[in-house]
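sequence? don't have it. structure:
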């Protein structure tokens, strides 16, 4: 890395695209910040929120995306880790548990670059979590979104584990949630998406039972399942309609986990007076535990519980890595594309375009091989 300019993927001004651009990287030992970290990302996952940022649907200010990452330490050491960590692999835990508005790849520079310098003042406790020994670093990149799923399933399991979980959205986050729930013992896990192509991907690979999967091009879900838990895993542009459908089919007393974010001040059509943005911010990186659930009443009087969260804790990431290690063949089906850094801009643009029509969107989970 020394002596040459690094490359990174930068969000193009005005939204709608990304470009590969060079940039200089001062080494930590060559500047005044003795506590700075320099990281070399090996694998970086492309998340739906990354695609929303590129498409201009979010206002996040980071020019460099990428919060799902397996990295190696080039210089420096984690603020809460041992000193001898050079070359060791870590997961990036992107949300600052003490300030949930600071998120790698959203407010802070992301990992889609050959080398990342993090000043000592910007490296918070819990930012890096050691990769489980023996875990293949490629599937390990799924640990952060899988940790999100594990966290959400835990929130849905209070006061008792769900018997029937409906996952709304068959993108990567939805499939990870469905698979994790099944492995964690939920008896029936159903999946719904407006795209038949996404649902077929899940059923043909055995990730969800065929009789519990439905493609809903009309946006209408089957009322017969009556789930006692729902995980909302759709793109932000579909949040209102998808939540309204989930509320309609959910059993009275069901809990709904908002994996999908809502802007501040927005009230759901189907839950007058609810504050989904505030609900998600009430649970941060595993605290408090048990997590907070807001009692809400749907139009028509149906009682429900609304929950959600921001970030993951180290425990969630470790639980995710355990699942990855125990079921490698299952989780390898989640990843569809692995590309080098110079091919990433083209692929990101293609993914943004393909998501444009919810009824025909394909299933894709892309990972960028940066330094591996």
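Arrived safely, thanks for sending. In this text the structure is predicted, and so the values were computed from the model without any measurement.

quick one: the helices in this protein?
Using DSSP state H, the helices found in the chain span residues 48-54, 137-140, 143-156, 172-183, 196-204, 239-249, 276-281, 314-326, 328-332, 344-354.

pLDDT score assigned to the most centrally placed residue in the chain?
With distances taken as CA atoms, centre = their mean, residue 145 lies nearest the centre of the chain, 3.9 Å away. pLDDT for residue 145: 98.

In the stretch 151-300 of the chain, where is pLDDT below threshold?
217-219 (pLDDT under 70).

Would you state the strands of it in chain order?
Secondary structure of the stretch 151-300 of the chain (DSSP state E, counting those that start in this stretch): strands at 164-168, 188-193, 213-215, 229-232, 255-258, 294-297.

Of the ones you listed, which stretch is the most buried?
strand 229-232 (a mean of 30; mean count of other CB atoms under 10 Å). Where C-beta positions appear, they are placed from N, C-alpha and C, glycine not excepted.

roughly how far out does that one sit from the chain middle?
On the basis of CA atoms, centre = their mean, to the nearest Å, strand 229-232 sits 15 Å off its chain's mean C-alpha point.

in terms of contact, does the residue nearest to the centre of the chain touch residue 173 like I think?
Yes - the pair residue 145 and residue 173 qualifies as a contact (CB atoms under 8 Å) at a distance of 5.8 Å.

Need the overlap of contacts for these two.
Common contacts of residue 145 and residue 173, defined by CB atoms under 8 Å, 6 or more residues apart in numbering, comprise residue 47.

thinking again about what came up before, so which of the strands of the stretch 151-300 of the chain gets nearest residue 276?
For residue 276, the closest of the strands of the stretch 151-300 of the chain is strand 255-258, at 5.4 Å, according to CB to CB.

what's the burial count for residue 340?
A count of nearby residues for residue 340, using other CB atoms under 10 Å, gives 10.

Please name the residues that touch it.
368-370.

Recalculate using a threshold of 7 Å.
Shown in contact with residue 340 (CB atoms under 7 Å, 6 or more residues apart in numbering): residue 369.

wouldn't residue 70 be in contact with residue 137 here?
Yes - contact criterion CB atoms under 7 Å: residue 70 and residue 137 qualify, at 4.7 Å.

Do you know the pLDDT at residue 32?
54.

I'd like the distance from stretch 323-339 to the chain centre, please.
15 Å.

what about that stretch, start to end distance?
Start-to-end span of stretch 323-339 (CA to CA, to the nearest Å) is 25 Å.

ok, now stretch 214-229?
Criterion CA to CA; first-to-last residue distance in stretch 214-229 is 17 Å.

Just the buried residues of that stretch, please?
214-216, 221, 225, 227-229 (16 or more other CB atoms under 10 Å).

Looking at the residues you listed, which is nearest residue 111?
Each of the buried residues of stretch 214-229 was checked against residue 111 using CB to CB; the closest is residue 229, at 32.1 Å.

is it true that the closest one touches residue 162?
Yes - proximity of residue 229 to residue 162 meets the contact threshold set by CB under 7 Å, at 3.5 Å.

Mind listing the shared neighbours of those two?
Going by CB under 7 Å, 6+ apart, residues that sit against residue 229 and also against residue 162 are residue 156.

any idea how far the nearest residue to residue 314 once chain neighbours are set aside is from residue 316?
Spatial nearest neighbour of residue 314, excluding adjacent residues (CB to CB, 6 or more residues apart in numbering): residue 129 at 5.2 Å. Residue 129 sits 10 Å away from residue 316, taking CB to CB, to the nearest Å as the criterion.

any chance of the strands of the stretch 151-300 of the chain in JSON lines, plus distance to residue 9?
Output for the strands of the stretch 151-300 of the chain, formatted as JSON lines (distance: least, CB to CB, whole Å):
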{"stretch": "strand 164-168", "distance to residue 9": "30"}
{"stretch": "strand 188-193", "distance to residue 9": "28"}
{"stretch": "strand 213-215", "distance to residue 9": "32"}
{"stretch": "strand 229-232", "distance to residue 9": "29"}
{"stretch": "strand 255-258", "distance to residue 9": "28"}
{"stretch": "strand 294-297", "distance to residue 9": "37"}
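
So which of those is nearest residue 122?
Ranking those by their distance to residue 122 (criterion: CB to CB) puts strand 255-258 first, at 28.3 Å.

Buried residues, stretch 89-103. List them.
Applying 16+ other CB under 10 Å to stretch 89-103 flags 89-97, 100, 102-103 as buried.

any idea which of those residues is closest to residue 156?
residue 95 (19.8 Å).

Would you mind confirming that the closest one is in contact with residue 313?
No - judged on CB under 7 Å, residue 95 makes no contact with residue 313 at a distance of 9.8 Å.
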